[in-house]
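**Student:** Give me coordinates for this.
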Amino acid sequence: MKSDVRLDGSQGEGGGQILRSALALSMMTGRGFEMDRIRAGRSKPGLMRQHLAAVRMAVEVSGATVEGMEIGSTWLRFAPGSIRRGDYQCAVGTAGSTVLIIQTVLLPMVYAGGGSSLSVEGGTHNPLAPSGDFLERSYVAQLARMGSSTSISIVRRGFYPAGGGRIEVCIPEKEWRMGGGYELVERGGLKSRRAVAILNNLPDHIGHRELKAVQDRLHFPDEEIMMDSAPGGPGPGNVLYVEYEYENVTEIFTGYGAHGMPAERLAAKVCQEVERYHKSAAPVGDHLADQLLLPMAMSGGGAMRCTALTPHFLSQVQVIQQFMDIQITTEREDRLSWLVRVH
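**Tutor:** Numbering: from 1, shown residues only. So this is what the prediction gives:
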């Protein structure tokens with residue numbers, strides 16, 4: 001039996017992703033871990049409510065034993081049991097990210113053979129986390145290419161700081177295809193693109209101005225822009241995203257409105273991300289790259305071409321290699337293209 005893993009929570013970007021990845025890897029590999037200096041790189045170190053929710057979900061899903069699970073704790077010991085199929089529910093509280101909770105337990109639940117569901121309430125659109133739209137349309141599509149039949153739906157959007165959203169996950173009973181061979185090195189042909197302005201309890205003119213700015217800069221015709229005013233949680237919220245769906249990948253570029261930020265400035269920030277992505281031929285953008293490393297490692301390896309190696313990506317590499325006997329190599333091809341191999 002392999003020994004427990006000792007982790008320094010201050011390594012890499014020093015945030016909560018190290019903990020979430022460690023929880024997922026521990027559940028899937030069966031190796032316990034001890035982590036100190038949790039979130040040492042943040043202004044308020046230690047476990048916050050959102051991180052405790054992730055740990056509690058991991059305990060519920062895997063029957064783990066845990067020490068140090070309290071607000072402000074900078075130390076945690078986690079010993080997983082067996083992953084248990086079931087129908088799970090979690091309320092993060094206020095605008096704590098539902099997406100980050102889902103990413104903690106989703107792969108272990110898939111890895112166990114599916115037959116489970118998960119409903120998480122809280123924030124679905126938080127500036128400090130991937131959006132629910134990214135999870136639903138970009139990340140899950142890549143899990144499907146690895147053999148997962150997971151489906152995700154945003155039942156109700158929840159914006160920072162009020163929250164009140166809900167995301168539901170369905171994982172049908174099916175063995176996850178193993179053996180490697182996953183490859184994402186080319187985008188393939190463009191299938192569709194669109195720009196979407198999401199508003200909740202805010203006047204429509206904000207979204208119209210954002211979309212007009214996108215049209216002017218990226219030359220989107222009217223049929224490729226849309227307003228989304230579907231009912232959300234209790235607070236005001238504004239999100240603008242631009243989506244490009246290619247044959248092999250869907251990339252989403254997201255911006256969050258804030259008090260005092262003109263609609264045109266928000267649109268300019270999103271457009272700048274889009275333009276940077278299209279200066280490269282790499283299919284995998286900055287944020288999707290670090291999210292794909294863990295499923296690639298658990299599915300047996302593969303290769304992807306991405307636009308950058310972010311601090312989150314480098315932290316993910318360190319954590320994975322501490323739990324698994326696996327190599328992750330990177331080769332810089334040009335300024336906006338890296339070839340990543342997992343083997």
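**Student:** Look up the closest residue to the residue minimising distance to the centre of the chain, ignoring the ones flanking it.
**Tutor:** The chain has P130 as the residue nearest its centroid, 4.8 Å off, counting by CA atoms, centre = their mean. Using CB to CB, 6 or more residues apart in numbering and skipping the chain neighbours, the partner closest in space to P130 is V99 (5.1 Å). (C-beta placed from N, C-alpha, C; glycine too.)
**Student:** just H343 next, same as before
**Tutor:** In space, H343 is closest to G301, 4.5 Å off (CB to CB, 6+ apart).
**Student:** neighbours around Q215, how many?
**Tutor:** Neighbour count for Q215, taken as other CB atoms under 10 Å: 16.
**Student:** mind checking how far it is from L19?
**Tutor:** Applying CB to CB, to the nearest Å, the value for Q215 to L19 is 41 Å.
**Student:** where exactly do the helices run in the stretch 101-250 of the chain?
**Tutor:** Per DSSP state H, counting those that start in this stretch, the stretch 101-250 of the chain carries helices over the ranges 132-134, 140-145, 204-218.
**Student:** mind checking how far the first one is from the chain centre?
**Tutor:** So the one you mean is helix 132-134. 8 Å (CA atoms, centre = their mean, to the nearest Å).
**Student:** I would like the residues contacting stretch 266-280, please.
**Tutor:** 209-211, 213-214, 217-218, 238, 240-242, 244, 251, 253-257, 285, 307, 334, 336-337 (CB atoms under 8 Å, 6 or more residues apart in numbering).
**Student:** returning to that earlier point: is the residue nearest to the centre of the chain in contact with Y139, as I believe?
**Tutor:** Yes. Taking contacts as CB atoms under 8 Å, P130 lies within contact range of Y139: 7.4 Å.
**Student:** So for the two, which residues contact both of them?
**Tutor:** Q291.
**Student:** how close does the residue nearest to A213 when sequence neighbours are not counted get to E273?
**Tutor:** Closest residue to A213 apart from its sequence neighbours, by CB to CB, 6+ apart: A267 at 3.5 Å. Computed as CB to CB, the A267 to E273 distance reads 11 Å.
**Student:** neighbour count winner among the two?
**Tutor:** A267 (25 against 18).
**Student:** So the nearest residue to R217 once chain neighbours are set aside versus V249, what's the distance?
**Tutor:** With sequence-adjacent residues excluded and distances taken as CB to CB, 6+ apart, R217 is closest to C271, at 4.6 Å. According to CB to CB, C271 and V249 sit 20 Å apart.
**Student:** Repeat that for Q142.
**Tutor:** Going from Q142 to V249 by CB to CB gives 7 Å.
**Student:** Overlap in contacts, those two.
**Tutor:** Common neighbours of Q142 and V249 (CB under 8 Å, 6+ apart) are L184, L288.
**Student:** domain parsing for the chain?
**Tutor:** Following automatic domain parsing, the chain resolves into domains at 1-81, 85-177, 190-278, 281-343.
**Student:** Tell me which of these lies nearest to L184.
**Tutor:** Nearest to L184 among these is domain 281-343 (4.3 Å), distances taken as CB to CB.
**Student:** Between its first and last residues, how far does the closest one reach?
**Tutor:** Taking CA to CA, to the nearest Å, domain 281-343 runs 23 Å from one end to the other.
**Student:** Rounded mean pLDDT for that domain, please.
**Tutor:** Taken as a whole, domain 281-343 has an average pLDDT of 95.
**Student:** Run the chain-centre distance for that domain.
**Tutor:** Centroid separation between domain 281-343 and its chain, computed with CA atoms, centre = their mean, is 14 Å.
**Student:** before we move on, what about stretch 158-168?
**Tutor:** Distance, centroid of stretch 158-168 to centroid of chain: 16 Å (CA atoms, centre = their mean).
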